[in-house]
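# here is my input; please provide its structure:
(one chain, ligands or ions: 1)
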Amino acid sequence: MRLGIYVHPWDLSDEGAQNVLPKLASNGIEFINLAVSYHSGRFFLPHNPRRKIYNAEEGVVYFDPSNMHFSNSRLQPMKSKYYSNMDILKEAVDTARDYSITVNAWTVCLHNAVFARDHRDLAVENMYGEADANFLCPVKSDTRKYVTSLISSLGTAYDIGEIELESAFFPSSFLHGSHHEVMGIRITSLMSYLLSTCFCQDCIANARGKGIDLKDARERAIKHVHDAIMSQAGITNPDAVNDSDLTTHLTESGFEDIISYKKSISRDLLLEYSDAANQSGTGISIVSTSKGLLGSGVDLDFPSGTINGLDLIAYFQNIPDITFDVATIRKKVPDHTSIRAGINLTYPYAYNPTRLQQSVNAALSEHADSIIFYNYGWATENIINELKNLR
Ligand SMILES: [Zn+2]
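Below you'll find the predicted structure:
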């Protein structure tokens, strides 16, 4: 059983890589997935020696991107202002070597509100023609260039294990958790899928090239959402309303064309990203739920050689759900795909020793290849120190 853990750059910098990494090694950790490009957030950091409530910066990187890989890129990576005078990834890699820990680069790609604000022509365009405030369309040549530059830059300049891509395809859902985000209507999973689909000119043109009429799909999507809003008046008990399976619902509602379009684009992107990684001496992994990434377009039928592994988000309070989830993903992905089961160390998940052991056992009972804990900075120090007692 290989154990790894997600680490945020501020965890490593505030406490010192020379303190964090030996502690992790003595708890049996063999790899860390360090966020090297990350979005904003407001976090409680229970054992951070320098801060307790932290507001992370939006869309910045925590490594040195000043290399040739971005010379032809319209989107230039923004370095963290809070941690501007250091290269946290380099520090991690250099220190981790002494403890035989592999550092993977956990990389948030197209979820970037600063880019979406400053380059509105690159943002995802919804069915109403409005630019998204957080997410860039993965089809645009400038965004593709940015992601492949990120990959090449990380792979070439740092001795990392692999690059874990997050938000490198279409957005997976509509609701986002933005500041004061409020929707006064019922958002079904199908509506979420449609409302997060990009209908920009590049997507329409690309879809046409694949024999898909995305303009027509957009008209049907607008009608579907309108009808759904109108029909919510007929719901007598909101608690009893249950969404059917998304794919079935999409197919029954005549949106196979959008599924095919997103799948086809995501497959193209996966090959492109994987190629860029291989050329720079590394590989990629993907974060997913057992249902796949819903609106992102990534299906779970990964072609051989494209990804090193899949990081399964198996964050459940009900521990048998972890067993079920790992078994489900095992059946869905090709045999050659390595599965890392993600176990959440924060409350209310695996936050105490009993729940921790049970959660890990649940994942291993269905033959997860390794475990990745989420995450160092948000979990209590007590539970981090329990990792060494896992049997
Ligand atoms: Zn688009």
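
# when you work out contacts or count neighbours from here on, use the C-alpha atoms and nothing else.
Fine.

# could I get the full set of strands for the chain?
2-7, 29-38, 41-44, 53-56, 60-61, 78-79, 102-108, 123-125, 131-136, 163-166, 284-288, 309-313, 338-344, 370-374 (DSSP state E).

# now do the last one against strand 309-313, angle only.
Note on geometry: by axes from the mean of the first three to the mean of the last three Cα atoms, to 10 degrees, strand 370-374 and strand 309-313 are set 50 degrees apart in direction.

# strand 370-374 pairs with which strands, and in what direction?
When pairing is defined by DSSP bridges, strand 370-374 lines up against strand 2-7 (parallel), strand 338-344 (parallel).

# same question for that strand, mean pLDDT?
Averaging pLDDT along strand 370-374 gives 98.

# what's in contact with that strand?
1-6, 311, 339-346, 360, 363 (Cα atoms under 8 Å, 6 or more residues apart in numbering).

# and what of the third one?
Judged by Cα under 8 Å, 6+ apart, the contacts made with strand 41-44 from elsewhere in the structure are Lys52, Ile53, Tyr54, Asn55, Ala56, Glu57, Glu58, Trp378.

# show me what contacts the closest residue to the fifth one other than its chain neighbours?
In space, not counting the residues next to it along the chain, Ala56 is nearest to Ser40; the distance is 4.7 Å by Cα to Cα, 6 or more residues apart in numbering. Residues in contact with Ser40, defined by Cα under 8 Å, 6+ apart, are Asn55, Ala56, Glu57, Glu58, Gly59.

# model confidence at Ser40, what's the number?
Per-residue confidence at Ser40 stands at 94 (pLDDT).

# and the gap between it and Ile313?
The spacing between Ser40 and Ile313, counted by Cα to Cα, to the nearest Å, is 20 Å.

# please apply the same query to Ser167.
The value you get for Ser167 to Ile313, if Cα to Cα is used, is 14 Å.

# over to Ile339?
11 Å.

# go on, Lys332?
Lys332 is 15 Å from Ile313, by Cα to Cα.

# for those two, indicate the residue with more neighbours.
A count of neighbours by other Cα atoms under 10 Å puts Ile313 above the other of Lys332 and Ile313, at 21 against 16.

# now the helices for the stretch 201-350 of the chain?
Taking DSSP state H, counting those that start in this stretch, the helices of the stretch 201-350 of the chain run over residues 201-209, 214-231, 246-252, 256-279, 319-332.
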